[in-house]
Each structure stands twice: as structure tokens, then as C-alpha cells.
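*Asks:* turn this into a structure:
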Amino acid sequence: MLDFMRRQRSALKWVWVILIFIFSVTLVTLYIPFGDLPNVSITNDVASIGHDSISSHEFQSAYRNYIDRMRGQLNPEMLRAFRFERQIMDALVTRHVMTEEAKRLGLNVSSAEIAQKILENPVFRENGTFIGQSRYQAVLAQNNLTIDEFESNVGNEILTEKLRSFITAAVHVSNQEAEEEYKRRNEKGKLDYFVIDASKLEDKVSASDQEQREYYEKNKAKYTVNEKRKAKYAFLESLKLRSQVTVSDDELRQYYEQHRSEYTVPERVKAQHILFKTQEKTPEEIEKIKDKARQVLERAKKGEDFGSLAKQFSEDSTAGAGGDLGDFGRGQMVPEFERVAFSLGVGAISDLVQTQFGIHIIKVTGKQDARERPFEELKEAIRPIVETRKAEQKGSDLAQQIAVELVNNKSLDAVAAKFGAQVKETPLMEQSESIAELGNATEFQRRMFMMNKGEIGTAIQVDRGYVVPQLIDIAPSHPASFEEAQTRVLADVKTEKAKQLAADKAKQVQDLLKGGKDLATAAKAVGAEIKTSDMLTRGASLPEFGSIAELDKEMFSLPIGKAGTPITIAGKTLAFAVKERQQINPEETKKSLDMVRNEMLPGRREQYFSAYIQEVKKRMEAGKQIKINESIMSQIAQSIS
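*Replies:* Predicted structure coming up:
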């Protein structure tokens, strides 16, 4: 159960988990330490569900844990707007509806089943045996749980799974449904198409001065000039300071010793392999593949050329290169493969190695042991690092001295000259504008827009050194005149005209296609270029348009060559015709039915179970078997939020 509870910590991380997965029985069985509870009586029940109830303690625990997990992502306004206490209560009610329905159907859980479930959890085992009653109780206490509460939760979890199995036992996927799903996933079509994109038509339109002025007058309220500021600053450039520092061999060695672990070259292995794929194979097929792999392994160990065997038998993309994987370090291969490869000596051939990809035969052809690169080898590579650090430290020290001196001497020019700093000025600029010569200067710009006119700031690190600023001018925000807004006005007018042009062209295309004209005629009429897609499955996208899932039905039902119904999304209109369709291979379909059925079944069962529980919940609500004390629920939520 503790492992189960840890999984929920991750699940509760996201706001929409509760909204989307309110049927998750495990959502509400998580309790963690949370100190003193708010001053709300825990003797009152927040809700009743049939013969069961949700106590204040249970609701407090679930709600508080959720808020703790989302701390920093949710503010009080969001909590009020989304009514998260209501969502959490719905999830709790759903859990209790499940247990009530299970009991109604005569399902139950024995003490032995609860004990077995707990013993299966590695948290409560040590060296293969139970950790003992006192440690068991201590672990639960650390998670603010009593033994009775925890074991009740475990029992409810088992009961819910029994209910799920009982209700969904008869749910199945027919051959026809599996065939339709296989067809849906694998049927492919190729389109001829063109796109009318308003954003690409802006160079086709123009806007006269009169049109711009008229547009400005109608939309004057949306044009403002943001506040702008200008600063003068003493600048200590790190690059120039680097030429002023010297670095001794002792300093280089000291840095090397402090970062020695970074200069270790890890061990690497060079290997070849032969792969026999087992993905999506039946157990019987896998046994046959293993027999074949054993025969190839025997030939390799008898001395046959490994590269030739790889070219002949390997199903990996490296087969053409004799199975050569090149050299690799730890963490680059799947664990099972890595363990064997790094344990073999040069020239050795492994036994069969099973991974998620299939069965491998590995031959190690080279090894490089881990080694530490010596100081002399790295000395000159370290030098610029240490020089940069010393230059940055010097820049920081000088900037601090400048800032201190400016407390009494307000002449930025004089103080900067004393310490060898450059004096520069920004243009009159908005906070979001960049200062090219400083690189990333976000903090400098932020402080600029907090200072008073004439104020001298403290030392600030920027991307290319240190600055000490003085604010010298402020231009307040104000409504933009036509002249100030003209660049934006021109862009807006052209955008509007391009949208209208695109809409006119889209209407022209639609009329032509409705009138029986073909795609080529429509494209020529609006000056568009027809392109041909790759083979597409359902739910595909086109690079110039985006998702075309909306076309799935027509793409696989229209006669070849007949134009479909144009669609317009976000200012883009797509006109198309089906050029080609790839037929599904009946033999491949037949071979894949079991796999598709197995992939569909869990989702089908979950869908059925969710719908079933919803109906039970509706029935109980109609019979007034579910009652929620909104007052206590809100009181608890407000005291925790």
C-alpha cells in the first residue's frame, strides 16, 4: 500500500488528474503527515453514501494532501474558481459508491486476502519476511495512519478490483471490432492538396495612407506607447578583464584537484551483435526464434565469422555493417544488454541475451578502461576557465567598489574612470527590449524600471560583465499618435486585408468545387500550387496546415480524384482530393487480430466499468442515498486553503 501511495503522489501532481480520472479508486487513499488539522470537528461526517460515510478526517486528508502537492501552482482565486473541494469530494464519493456496489453484489474481502496484499508490498518485507508488527505500525504512524485505517484502505482496494473484474468479465472485443480498429490504425491514403494561408498573402496586399489613418481612428484605443526609460551605466567587461589577470600553475592545479572527478574518461566497450526480434510475437513464435538463435550462437562460438552471421541473420539496422554497434559507454544501452557487454572480455561471445527488443548475441571487439586524465594533459584547457573566473571575480569586486564610491561621489563618469570602467548609455527603451552589448541583462532591465530618476543602483551582473546603473530619463506610457503607431497600424491593416483576400479565395474554391470543377482548376483560379502528401494514416497532419483529423472520414471514403469539402482553421483553408489509397493486407490483418484485441480490451473494460459506476452513482443520487454536507465541506476547504 505504501508503494501504491507513493505512486499517487505523482498522480496528484497535476490539477486535471481529479477532473479527468475521478473514477480512480486509489486517488483518495493517500494520507501523508500534515501536522495539526484545522479547527473543524472530525466527529462529523461530510457525506453519506448508502450505508457508508465519508468522515471529516478522510476528506481533510485527501483535500489537504492535494493542496500540499499543488502548493505554488494554485492560488486562492483558482481554488475558488475551480471548486477543487467539489472535485475531490466527487472522487471520494465515487470510491465509496464502488465499495457499496461491491457489497450489494455479495463481494467481500477476507482478512487473509488483506494480509497477503500487505505482505506482497516490499515496504513491509525485509530479507523476504515480514518486518514485524512494531515496525509495521511505526511506518503507518509516519504516514498518519492507524493499522485499522490502512487495512481498511487495502481491503477497499481489493474489493474495488474484485468489482472491476466481476463487472467487466464479459466485456470482449469481437473479430469485427478488432478488424475495424486494425483498419483504422493502418489504412493509408495520399492526398493532392493546396492551402490558402492568410499570413502568406500579406505581400499581395497594400494599404494606402488614407486606409491606415481610417483604421487607426477606428481602433485608436488599442495603440499605446509603453513607458520607456534611459540609463547611464559603468560597465566592466569580463572579456577585457581577462587580459588583465594572470593565472599561476598552482591555481590551475588547484582547480584541477577540485574538479578531478569531471576529468575521468569512463570505460567504453566496442561490440557487434545479432538481433532476433521478438516484439509482438506469440510465446510459441518466441520459442522458435530462440531455437534459431541458439543454432546461430553455436556457429559463432565454433569460430564462424561473426560479421557474416550478423549480415545473414540479424534483424537490426546494423546487420549490413556486420552488427557493428561502434563503441558506447554505460547508460547508452538497455540494462540487460549493458550488463553483459561490460562483463565480457575482448573477443568473447555472450550467451543469448533477452531485452525488450528481442534476443541478442553479443561479441565484444574492444574495450577502453576508465582512466583519469592527468593534469599536464588538461592544463591549457583549464586555463581559460580559471582566467574567466578570476576576471569575473575582479569585475564583481570593482563593481562593488564603484557602487560604494558613488554613495558619496555622485559623478558616475569620475568614479568609473577611477576604477577603469567604461561609461555607456542605453537608448530610451521599453523593459522588454534587449541591450545587445550586455547580452542577457534581464536583472539590469528589471531594476531600471524600479528606480527613480537620478537614482544610482547597486552592482549587477550581466551576461558580459558587471554594470552599475544610474537612471537618467523616464518617458511615461501614453496613447500612441498615428505617427507613433504607424508601423503597427500598417501591419494590422495588411493582416486584415490578407484575411479578407484569403476568405474570398476560399469562397471561390468552394464554389468551383461545388460546381463540379476539379482540384487543379480550383488551384489555378486562385494561383495556388498543388502538393502531394506522403501516405497518411488517420489523425495525420500536413506541414502547411496542421492536423487534418477532421478529414479522416472523407479521406477514406471519397472516390479517387474527387475533391473533398474544403476546411478552414485559424485563417488557413485546405482544399484536397484523394490521390491514392493503400489497401490493407488481409493476411496481415488476420495475424494482428489477437494483438489488436489485447490492446483494445483494457480500454474497453475501463470504459464499460466507468459507465457502470456512473449509472450506479446516478441511481443512488436519484434514490437520495448520496448526501453531502456542503457546509462542512466548504468549512474544511476554506480552513486548509
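*Asks:* and the strands in the stretch 251-400 of the chain?
*Replies:* Using DSSP state E, counting those that start in this stretch, the strands of the stretch 251-400 of the chain run over 264-265, 268-277, 324-329, 353-355, 358-368, 371-372.
*Asks:* and residue 367, how many neighbours?
*Replies:* 16 (other C-beta atoms under 10 Å). Placement of C-beta: from N, CA and C, glycine included.
*Asks:* bridge partners for it, pull those for me.
*Replies:* residue 269 (DSSP bridges).
*Asks:* right, and it touches residue 328 too?
*Replies:* No: the criterion here is C-beta atoms under 8 Å, and residue 367 misses it with residue 328 at 11.3 Å.
*Asks:* who wins for proximity to residue 294 among the strands of the stretch 251-400 of the chain?
*Replies:* strand 358-368 (9.3 Å; C-beta to C-beta).
*Asks:* got a pLDDT number for residue 42?
*Replies:* In this model, residue 42 is scored at 45, pLDDT.
*Asks:* on that earlier part again, got CSV for the strands of the stretch 251-400 of the chain, with mean pLDDT and distance to residue 477 too?
*Replies:* Formatted as CSV, the strands of the stretch 251-400 of the chain follow (pLDDT from 0 to 100; distance: least, C-beta to C-beta, whole Å):
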stretch, mean pLDDT, distance to residue 477
strand 264-265, 84, 56
strand 268-277, 95, 60
strand 324-329, 93, 56
strand 353-355, 93, 62
strand 358-368, 95, 63
strand 371-372, 86, 60
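*Asks:* for residue 424, find the nearest of these.
*Replies:* Nearest of the strands of the stretch 251-400 of the chain to residue 424, taken as C-beta to C-beta: strand 264-265 at 43.9 Å.
*Asks:* which residues are contacting that closest one?
*Replies:* 368, 370, 371, 372, 373 (C-beta atoms under 8 Å, 6 or more residues apart in numbering).
*Asks:* can you list the domains in this protein?
*Replies:* Domain assignment for the chain, taken from automatic domain parsing, gives 2-170+619-640, 188-219+484-582, 228-247+383-476, 267-369.
*Asks:* now render those as TSV, adding distance to residue 605.
*Replies:* Listed next are the domains of the chain as TSV, based on distance: least, C-beta to C-beta, whole Å:
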stretch	distance to residue 605
domain 2-170+619-640	4
domain 188-219+484-582	23
domain 228-247+383-476	52
domain 267-369	21
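*Asks:* separation between residue 563 and residue 512?
*Replies:* 9 Å (C-beta to C-beta, to the nearest Å).
*Asks:* out of these two, which sits in the busier spot?
*Replies:* residue 563 (24 against 20).
*Asks:* contact partners for the more buried one?
*Replies:* Neighbours of residue 563 in contact, by C-beta under 8 Å, 6+ apart: 513, 518, 519, 522, 575, 576, 577.
*Asks:* ok so, going back, filter the contacts of strand 264-265 to the buried ones?
*Replies:* Buried residues within the contacts of strand 264-265, counting neighbours by 16 or more other C-beta atoms under 10 Å: none.
*Asks:* with respect to residue 234, which of these is nearest?
*Replies:* Nearest to residue 234 out of the contacts of strand 264-265 is residue 373 (C-beta to C-beta; 41.0 Å).
*Asks:* so the closest one makes contact with residue 261?
*Replies:* No: Residue 373 is beyond contact range of residue 261, at 11.3 Å (criterion: C-beta under 8 Å).
*Asks:* let me see the contact set for residue 269.
*Replies:* Residue 269 is in contact with 327, 328, 341, 342, 364, 366, 367, 368, counting by C-beta under 8 Å, 6+ apart.
*Asks:* are any of the residues you listed buried, and which?
*Replies:* Members of the contacts of residue 269 classed as buried by 16+ other C-beta under 10 Å are 328, 341, 342, 364, 367.
*Asks:* tell me the contacts of the nearest residue to residue 537 once chain neighbours are set aside?
*Replies:* Distance criterion C-beta to C-beta, 6 or more residues apart in numbering; nearest residue to residue 537, sequence neighbours excluded, is residue 188 at 5.6 Å. Counting by C-beta under 8 Å, 6+ apart, residue 188 makes contact with 535, 536, 537, 581, 582.
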